[in-house]
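>>> Return atomic coordinates for the entry below.
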Amino acid sequence: MAEFLSWIDDMELHDPHLNGGIFTWYRGVDHYSVARQDRFLYSIEWEVQIRNIRQQIMPRVISYHNPIMLQCGDWKQRKAYFKFENWWLNVEGFKDLVQNWWNDFVVEGCPDFKFSMKLKMLKQKLKDWSSVTFEELNNKKNTLLSELVETDLIQNDRVLTEDEMMIRATVLVELEELAKNKESRWRQKSRVLWLKQGDDNTKFFQRVATAHRRCNTIDRLIING
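Numbers count the residues shown, from 1 in each chain. The predicted structure follows:
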């Protein structure tokens, strides 16, 4: 068991919250022996992809063990609140884009009403732009990775020309910029301020952000039974 527990720690597996009880194994008529023997374990990578993960104890009829069910998925959709993302500032032409939007908004009324309405309109513009731009950056990253693979295949057969080496260097620089944007995005979500950005900590930031999301989830409320 010591080796098994060590393996769980090494693989960084997570045991989700168990609903419906504490124990999954009972022995004897009066349950003089009980234990938590059954559980699901999953990896951090799986948790990043799938939300709302929990274990549910099911009724047992004959067996000493309660069956457990793994529940997961977006069964409760929630509206995401608006948040300015730092990686937007790294996108070329972002400030000019915001200024043009602001100047194009036409709102009638007193100054404070106009200012409030413009902020609401700008918020929607930013949300739409962010969604489209983030998808475009992902597509660009995939294209750059494909170009990098093609260059590596050529390099396996012969020495790269000077132009090909220049193209490869340009691709690597662009990929690095995209990686910085991704790390900036996840660092902001994780709210980790003590760790310096730029040291390839994206995976760590993802884990912290996921942990925040898990802790902030209200699974259910029980009032007066």
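>>> domains of this structure?
For the chain, the structural domains run 2-71, 86-212, going by automatic domain parsing.
>>> Arg220 is nearest to which of those domains?
Among these, the nearest to Arg220 by CB to CB is domain 2-71 (8.4 Å). Every C-beta, even on glycine, is put in place using the N, C-alpha and C of the backbone.
>>> Report all helices and strands that the strand or helix carrying Asn139 contacts.
Using DSSP states H and E, Asn139 maps to helix 111-157. Here helix 111-157 is seen to pack against helix 94-104, helix 162-190 when contacts are counted using 3 or more CB pairs under 8 Å, 6 or more residues apart in numbering; DSSP states H and E.
>>> Format these as CSV; extra columns: distance to Ile53.
Formatted as CSV, the helices and strands packed on helix 111-157 follow (distance: least, CB to CB, whole Å):
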stretch, distance to Ile53
helix 94-104, 35
helix 162-190, 18
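>>> do you know how far the nearest residue to Phe82 once chain neighbours are set aside is from Tyr26?
Spatial nearest neighbour of Phe82, excluding adjacent residues (CB to CB, 6 or more residues apart in numbering): Lys123 at 5.1 Å. In this structure, Lys123 and Tyr26 are 54 Å apart, going by CB to CB, to the nearest Å.
>>> Which one's more surrounded, those two?
Set Lys123 next to Tyr26 and count neighbours by other CB atoms under 10 Å: Tyr26 wins out with 17 against 12.
>>> check which helix or strand covers the residue nearest to that one when sequence neighbours are not counted.
For Tyr26, ignoring the flanking residues on the chain, the nearest one in space by CB to CB, 6+ apart is Val34 at 5.3 Å. In this assignment (DSSP H and E), Val34 forms part of strand 33-35.
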